[in-house]
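Participant: Got a predicted structure here, sequence first:
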Amino acid sequence: TETNDCFAIFIEEQRKNNLITFDDFIYLTYYILLTSESARDHWQNQYKFIMVDESQDMSDTSKKILKILAEKNGNLFEVGDNDQILYQWRGVNPNNTDKTYFDKKIDLSQNYRSTKNILKAANAIKPKTYENQMLFTENEEGEKVSYYHAKDKNDEAKWVLNEIKKILATDENTKPENIAILYREERQSKAVKDFLIKNGFRYTGLFQGEFLERKDIKFLLSTLKIIAMKTKNNRKYKTNWENEWYLFQNIITREFLPLMEYTDSIKVKNEFENSTANLLSILSNANISNPEMKNNLNNWIKMISECRWHLKGKKQWNLTELINYIIEETKLQDEISADQKSLRAMNLNLLRQTIHDFEIYQKENFPQSKHTIIEQFFKYLELNDTNRLQSEKDKADMVEKFRIMSIHASKGLEFKYVFIIGMNRGIMPSIMPEFESGCQGNEEERRIAYVAVTRAMKKLFLSESSKMRCPSIYIQNIIDQAPDCIDVCEWWTNYQE
């Protein structure tokens, strides 16, 4: 079949270029340990004591590797929590913590982080599969969970900001770093971020799979940076070649726009490293073995030149026109347009929205800037502090910044005050896992909500907006099963009637 042929070609390319995928790391390791007695003996002797944290996020194959490694000495200690399994889509088995091969199992049910009211809310939404594993705490009862129903996302963001101001005014021991705003989907965070910036507050995110690191976004931003680079030969600072090549690598690795084979890229990289010519000059004269890729490369170089030309003169393009031209010319839109509800399509829409917001911001803050429009845009992203690598100064400065991140990125962390925004049906729980995995998908969504709630130490805030759909079933669960732990807003009473 065509699928088998494609897979055979893929495997051949892997062998030719000495490459393996992430899954290969796991499967090949297991295969080697299973079939090679010498390798198995070596590694069993190497690791006499093994401890594994977050073991609930391991696949069945990873578990098999562990079992082989510990087989000889028998000293294996695992720590895991089935209520925090969030990666079924990566092959994690929700029941793998139950497939025990241990001499002793210790249940840890006492929570030392959260108040009683926060745990009541958490226990109300956790998957019913684990009802016999309810958490308890000897901490104080604590403040009740706050729930707010907003008119729209801007009203919701305004409420979050007002509550943060109250916290900072009344709790002198709380710093911005002690306050976290969590969301299920990236697009939910925009209104809150904008309100924080407009009111002089700074924030930072964590960098686990964040928006700007997603492949399509990285491809487009790298293209913009290359367009903004100087076009003269004899680069003033030859050491900058590494940065230029890094940007180009983000482009040539895209499946929908193959520009050169891996072996060709190595040759071009070596030539670029030892030359003072600019990137486009090197690429224009590159000897590319694949005719189709050579044609793609020439078209790409032409596109870069066109973009640079359109950024000069009186009728220069704005950033929206520029990014739309790049998306069209590189066929990126064709690649993802089949499913406008896919994550890639949502990423593209979010980038367009970010550019639109920048252009409004630009008119107010950069009306006559000496910087190019692309430079201004990256300064804007830097101001938003969205997923950029941080210097030591940035890290020291983080205590003055609120934390805004996805629920997945917050796993393992804790904060005195936690806001969970966008708690609407179709978002939390997300509608996608139900379609893809049925009941198991629903259980994973409950675990995601459970993880979010248990990040809070002192006070938990929940919010949703009517423009986004009806409130989450999890809010209903908390009110029904633990009514004494939550302050119900007046809107909810009317909604129930």
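Facilitator: Perfect, I can see it now.
Participant: Strands along this protein, start to end?
Facilitator: Counting by DSSP state E, one finds strands in the chain at the ranges 50-52, 76-78, 145-150, 179-183, 203-204, 402-406, 415-420, 456-465, 486-487.
Participant: Looking at those strands, which is nearest to residue 377?
Facilitator: Nearest of the strands of the chain to residue 377, taken as CB to CB: strand 203-204 at 19.1 Å. C-beta here means a position set from N, CA and C on the backbone, and glycine is covered the same way.
Participant: Could you list the paired strands of that closest one along with their orientation?
Facilitator: Sheet pairing for strand 203-204, assigned by DSSP bridges, gives strand 402-406 (parallel).
Participant: what's in contact with the strand it pairs with?
Facilitator: Applying CB atoms under 8 Å, 6 or more residues apart in numbering, the contact partners of strand 402-406 are 164, 176-177, 179-186, 189, 192-193, 196, 201-206, 208-210, 415.
Participant: re earlier: columns distance to residue 17 on top of the strands of the chain, output as TSV?
Facilitator: Putting the strands of the chain into TSV (distance: least, CB to CB, whole Å) gives the following:
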stretch	distance to residue 17
strand 50-52	32
strand 76-78	36
strand 145-150	52
strand 179-183	39
strand 203-204	38
strand 402-406	33
strand 415-420	44
strand 456-465	47
strand 486-487	56
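Participant: want to throw these into JSON lines with mean neighbour count?
Facilitator: Listed next are those as JSON lines, based on neighbours: other CB atoms under 10 Å:
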{"stretch": "strand 50-52", "mean neighbour count": "13"}
{"stretch": "strand 76-78", "mean neighbour count": "17"}
{"stretch": "strand 145-150", "mean neighbour count": "22"}
{"stretch": "strand 179-183", "mean neighbour count": "26"}
{"stretch": "strand 203-204", "mean neighbour count": "23"}
{"stretch": "strand 402-406", "mean neighbour count": "23"}
{"stretch": "strand 415-420", "mean neighbour count": "24"}
{"stretch": "strand 456-465", "mean neighbour count": "24"}
{"stretch": "strand 486-487", "mean neighbour count": "16"}
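Participant: Nearest approach to residue 426 belongs to which of those?
Facilitator: Among the strands of the chain, strand 456-465 sits nearest to residue 426 (CB to CB), with 10.8 Å.
Participant: same question for the closest one, mean pLDDT?
Facilitator: Average pLDDT, strand 456-465: 94.
Participant: Could you list every helix and strand that it packs against?
Facilitator: On a contact count with 3 or more CB pairs under 8 Å, 6 or more residues apart in numbering; DSSP states H and E, strand 456-465 meets helix 116-125, strand 145-150, helix 153-170, strand 415-420, helix 473-481.
Participant: got the ones you listed as TSV, with distance to residue 13 and mean pLDDT columns?
Facilitator: TSV is the format used below for the helices and strands packed on strand 456-465 (distance: least, CB to CB, whole Å; pLDDT from 0 to 100):
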stretch	distance to residue 13	mean pLDDT
helix 116-125	46	93
strand 145-150	51	92
helix 153-170	45	92
strand 415-420	44	95
helix 473-481	45	92
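Participant: Quick one: closest of the ones you listed to residue 328.
Facilitator: Residue 328 lies closest to helix 153-170 among those, at 29.8 Å (CB to CB).
Participant: circling back to that earlier point, could the helices and strands packed on strand 456-465 go into TSV alongside distance to residue 109?
Facilitator: Putting these into TSV (distance: least, CB to CB, whole Å) gives the following:
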stretch	distance to residue 109
helix 116-125	11
strand 145-150	21
helix 153-170	30
strand 415-420	21
helix 473-481	18
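Participant: out of these, which comes closest to residue 5?
Facilitator: Nearest of those (CB to CB): helix 473-481, 45.3 Å.
Participant: buried stuff in the closest one?
Facilitator: By neighbour count on 16 or more other CB atoms under 10 Å, the buried set for helix 473-481 is 473, 474, 475, 476, 477, 478, 479.
Participant: Help me confirm that the second one comes into contact with residue 450.
Facilitator: When you say that, I think you mean residue 474. No. Assessed by CB atoms under 8 Å, residue 474 is found out of contact with residue 450, at 9.0 Å.
Participant: shared neighbours of these two, anything?
Facilitator: Common neighbours of residue 474 and residue 450, using CB under 8 Å, 6+ apart, are residue 125.
Participant: Which positions in stretch 213-231 come out as buried?
Facilitator: By neighbour count with 16+ other CB under 10 Å, stretch 213-231 contains the buried residues 214, 216-229.
Participant: Point out the ones among these that are inside helices.
Facilitator: Of the positions in the buried residues of stretch 213-231, 216-228 sit in helices, assigned by DSSP state H.
Participant: returning to that earlier point: the helices and strands packed on strand 456-465: which one's closest to residue 317?
Facilitator: Taking CB to CB, helix 153-170 is the member of these nearest to residue 317, at 29.9 Å.
Participant: Extract the C-alpha trace of that closest one and format it as CSV.
Facilitator: Taking Å, rounded to 0.1, in the frame of the first residue of the first chain, the C-alpha atoms of helix 153-170 are listed here in CSV:
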residue,chain,number,x,y,z
LYS,A,153,-13.4,37.8,27.9
ASN,A,154,-12.6,41.4,28.6
ASP,A,155,-14.9,41.5,31.6
GLU,A,156,-13.3,38.3,32.8
ALA,A,157,-9.8,39.8,32.4
LYS,A,158,-10.9,42.9,34.3
TRP,A,159,-12.2,40.8,37.2
VAL,A,160,-8.9,38.9,37.4
LEU,A,161,-6.9,42.1,37.4
ASN,A,162,-9.1,43.6,40.2
GLU,A,163,-8.8,40.5,42.3
ILE,A,164,-5.0,40.6,41.9
LYS,A,165,-5.0,44.2,43.0
LYS,A,166,-6.9,43.3,46.1
ILE,A,167,-4.5,40.4,46.9
LEU,A,168,-1.4,42.7,46.6
ALA,A,169,-3.2,45.4,48.7
THR,A,170,-4.2,43.0,51.6
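Participant: Show me which parts of that helix are buried, residue by residue.
Facilitator: 153, 155, 156, 157, 158, 159, 160, 161, 163, 164, 167, 168.
Participant: go on, stretch 120-130?
Facilitator: Buried residues in stretch 120-130, defined by neighbour count with 16+ other CB under 10 Å: 120, 121, 122, 123, 124, 125, 126, 127, 130.
Participant: Brilliant, that's me finished.
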